[in-house]
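Enquirer: Everything below, folded, please.
(2 chains)
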There are 2 protein chains.
Amino acid sequence: MDLLAQLRAGLPDEAILTDPDVTGAYARDMAGFCDAGSPVAVVLPRTVEEVQHVMRTATALRVPVVPQGARTGLSGAANATDGCLVLSLVKMDRILEINPVDRTAVVEPGVINATLSRAVNEHGLYYPPDPSSWEECSIGGNIGTASGGLCCVKYGVTAEYVLGLDVVLADGRLLTTGRRTAKGVAGYDLTRLFVGSEGTLGVVVRAVLALKPQPPRQLALAAEFPSTAAACEAVCAIMAAGHTPSLLELMDRTCVRAVNDFARMGLPDTTEALLLAAFDTPDPTADLAALGALCTAAGATEVVPADTEAESEMLLQARRVTLHALERIRSATMIDDVCVPRSQLAAMLDGTAAIAEKYDLTIGVCAHAGDGNTHPTVCFDPADADESRRARASFDEIMALGLELGGTITGEHGVGVLKKEWLARELGPVGLELQRSIKQVFDPLGLLNPGKLF
Amino acid sequence: MDLLAQLRAGLPDEAILTDPDVTGAYARDMAGFCDAGSPVAVVLPRTVEEVQHVMRTATALRVPVVPQGARTGLSGAANATDGCLVLSLVKMDRILEINPVDRTAVVEPGVINATLSRAVNEHGLYYPPDPSSWEECSIGGNIGTASGGLCCVKYGVTAEYVLGLDVVLADGRLLTTGRRTAKGVAGYDLTRLFVGSEGTLGVVVRAVLALKPQPPRQLALAAEFPSTAAACEAVCAIMAAGHTPSLLELMDRTCVRAVNDFARMGLPDTTEALLLAAFDTPDPTADLAALGALCTAAGATEVVPADTEAESEMLLQARRVTLHALERIRSATMIDDVCVPRSQLAAMLDGTAAIAEKYDLTIGVCAHAGDGNTHPTVCFDPADADESRRARASFDEIMALGLELGGTITGEHGVGVLKKEWLARELGPVGLELQRSIKQVFDPLGLLNPGKLF
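Expert: Have a look, this model is predicted:
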């Protein structure tokens, strides 16, 4: 086959997989409700030059290419299309440099988030973005989807930590964007254009990342509320008072009960909403006390501050296992990712509860409450056609509600194939047209991750 | 005249200026060495619809448009071109909303930076970007040039505070980008594309800005060093130790002496470099003590921490008057804006001193040292042709040095007309081509701020 022969001219044999039993494993990410096709081959380059060879070959033969990281994404952005070449970056996994004076790291895209985090920790540094898949997800994937995590309320999303990129373009040319400096305003910000572009504009092969000094270990608190409204009132009061917690998470009743059933964590089963907060400040105990008082004022029935790091970790563990716990309720879950202005959080939660009732579904909501970023998780049985239909309908209705409340259809998971019909609604016709024109500039043949985003 | 007649159809008479004595005042910003042409008219719209009318008219008649803020820019990006329409946004100066729960402000582009800062302060909030022109410069201009300031070492640049924009496109259509939420990854990041685009892609008519909680008042310290190398060593040690000062500025000997001559501030006239640092943390005295110890270890001959806010302000005042002080040395100054990785700061300062010697010029350097962002300021007499030539040559050589050290030609002032020949060198051919293609997408007729950036 012409494609394989040409690929072999610039790639070692072991970097090209064609056995359908093997390539099938690269067909999809972790998103539900998303179609995936069959790739003709999977390539696993180890160098920038090999990626350039792949893209040159794909352009010459007009073969679509799906760039792929660790496939932990939740929007189908890394799903194969029929006849595509999957370009997996997982073998390009070297940390090339860590510089404590410049507070930068230079990495290849396949580096695992947790690997980088631990490596920079050894230099007293901190790479904040911490998606819940951080033990498995890759930095390249984080850049492709502009991933967030628990840290965002204080430290922001991946986009804030990407200073510069090396990108292989659709035609194989190498583009360097951005800078290695703390500041820089020379020309349009192409770096940010690539962050969150889901592999549709180019293939990130190297990234210069900004690092923070390692903060003190965080100390957490849990607060029980008799209603989600009261919990949201506490969130608003905390933010309006000028607090900057390192984490501010909300779990609704469904999540709390699911976690108890799953892990016997002894959470307060009767609570309507649990708020988890943490500080990584010099005096977290004092800060937690102030925050706890605001919770009490908002109606919290109990406020439990951790005294030790170990206690903190136990509290946070509840949040970390929530998705797994919800997955036990039905055989499948569909996790949404609507972000609203935090002043609209209560309306978003109330509306989501009403949608669950309307469609007779279990929808557990945990939220990065400090960001207004909710993850309503619809539990359903894919074997039940009617329940599946209702699940999909509720999922869409939740996005509509988010837009109505001034929010976005995706706070951190991306658009992929899952939400591409919704992107047009959020962007409007002018925005959509410009976005398509930008795609056209970078990928005139439409070979990079076709059918994603738009 | 057709243009004026058509403009009058959608603008009140007083919003259109045509008297050359008046319009001449709108011809240029604060950059030296930059050509400026004569506008045919200046328009001062007060509404989004009026801006749309201006752009529709300009497109219909193929008249180039120069969007303009408060004209405090330092790269000539707001300079008129012959026959252009100057579109001044200064009358669109309303703060539309300040929301302490969402920590957002919604503003029109003509709002003065200091006006916004004070307004949000009253809500316990903080808008960090603080270019030295903050009392005069406009938010729209700050967005156009992605302005920085003294705050950046801790709080970053303007780009980090722009969540969403309303932009009038070249053809008069209105585009809304971004979001009002803390996070959002729906589609390509067009917001960031506009930040720093210097009016070449569209006209920003509204911005949603992120705010921070107001930090405690900062407390400052001054440290004298026997060499710039020792001061830079201290900067590296401070950052490597994980400190996050709210300000970390360096003034070289030329700056210190100029300030003393100008303002009789009693700075140590014999010092080779003065470092100013501040903390806005809960315990600034302790943090300053730790930072001071690092200065001493790096060779500081004296370390003077302020005990009070008033003392702090006196120390920082020296930095704030530096440019005015340097302007006294010769009749003109040309301020450069090269940013290098902070580990290269000493090399940048040494190299700049060598360039000053080579060209027999006075070049005072102050630097946002924590960012590696130097502002070498070339003092010269424009009436002296030879000195002017040497000034321009030294300015260019400083940029070349910055690029050589892994830096950028502009950390925060922008490209405008001053540095457009240098942009190509920094971006390289692939980057430049893509940037031009993006310009083409937004402004196919090339009417928006022609001759700037590229």
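
Enquirer: Contact partners for A:Ala241?
Expert: A:290, A:294 (CB atoms under 8 Å, 6 or more residues apart in numbering or on different chains). C-beta: built from backbone N, CA, C; applies to glycine.

Enquirer: which residues touch stretch A:93-104?
Expert: Contacts for stretch A:93-104 (CB under 8 Å, 6+ apart): A:105-108, A:110-112, A:115-116, A:119-120, A:123-125, A:138, A:163, A:180, A:182, A:206, A:208-213, B:236, B:239-240, B:341-343, B:372.

Enquirer: So for that stretch, what gets flagged as buried?
Expert: Along stretch A:93-104, these residues count as buried under the neighbour rule (16 or more other CB atoms under 10 Å in any protein chain shown): A:93, A:95, A:98-104.

Enquirer: May I ask which two of those residues are separated the most?
Expert: Across those, the longest distance by CB to CB is 24.9 Å; it joins A:Asp93 and A:Val101.

Enquirer: ok, back up a step: from the contacts of stretch A:93-104, which ones fall inside helices?
Expert: Using DSSP state H, A:115-116, A:119-120, B:236, B:239-240 are the members of the contacts of stretch A:93-104 that sit in helices.

Enquirer: returning to that earlier point: columns pLDDT and secondary structure on top of the buried residues of stretch A:93-104, output as a markdown table?
Expert: Shown next, in a markdown table, are these (pLDDT from 0 to 100; DSSP: H, G, I helix; E, B strand; the rest coil):
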| residue | pLDDT | secondary structure |
| --- | --- | --- |
| A:Asp93 | 98 | coil |
| A:Ile95 | 98 | strand |
| A:Ile98 | 98 | strand |
| A:Asn99 | 97 | strand |
| A:Pro100 | 97 | coil |
| A:Val101 | 97 | coil |
| A:Asp102 | 97 | coil |
| A:Arg103 | 98 | coil |
| A:Thr104 | 98 | strand |
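
Enquirer: from these, which is closest to A:Gly196?
Expert: Checking the buried residues of stretch A:93-104 one by one against A:Gly196 (CB to CB), the nearest turns out to be A:Thr104, at 20.7 Å.

Enquirer: what are the bridge partners for the closest one, then?
Expert: Note on A:Thr104: beta-bridge partners by DSSP bridges are A:Asn99, A:Ala210.

Enquirer: tell me which element the nearest residue to A:Lys183 once chain neighbours are set aside is part of?
Expert: Leaving out its chain neighbours, the residue that sits closest to A:Lys183 by CB to CB, 6 or more residues apart in numbering or on different chains is B:Gly411, at 4.2 Å. If you go by DSSP states H and E, B:Gly411 is not part of any helix or strand.

Enquirer: gap between B:Gly411 and B:Asp336?
Expert: For B:Gly411, the distance to B:Asp336 equals 10 Å [CB to CB, to the nearest Å].

Enquirer: Give me the more crowded residue out of these two.
Expert: Higher neighbour count among B:Gly411 and B:Asp336: B:Gly411, with 31 against 25, using other CB atoms under 10 Å in any protein chain shown.

Enquirer: Please verify my assumption that the more buried one contacts B:Pro341.
Expert: No: using CB atoms under 8 Å, B:Gly411 makes no contact with B:Pro341, being 11.5 Å away.

Enquirer: Give me the common contacts of those two.
Expert: Joint contacts of B:Gly411 and B:Pro341 (CB under 8 Å, 6+ apart) are A:181, B:372.

Enquirer: Contact partners for the residue nearest to A:Val235 when sequence neighbours are not counted?
Expert: Sequence neighbours aside, A:Ala369 is the residue nearest to A:Val235 in space, at 4.7 Å (criterion: CB to CB, 6+ apart). Residues in contact with A:Ala369 (CB under 8 Å, 6+ apart) are A:231-232, A:235, A:248-250, A:275, A:342, A:345.

Enquirer: 6 Å instead?
Expert: A:235, A:248, A:250 (CB atoms under 6 Å, 6 or more residues apart in numbering or on different chains).

Enquirer: if we take those residues, which one ends up nearest to A:Ile143?
Expert: A:Leu248 (25.0 Å).

Enquirer: Could you grab the helix/strand/coil label for the closest one?
Expert: strand (DSSP: H, G, I helix; E, B strand; the rest coil).

Enquirer: List phi and psi for the spatially closest residue to it that is not a sequence neighbour.
Expert: Excluding its sequence neighbours, the residue lying closest to A:Leu248 (CB to CB, 6+ apart) is A:Gly370, at 3.4 Å. Taking degrees, to the nearest 10, you get phi -60, psi -20 for the backbone angles of A:Gly370.
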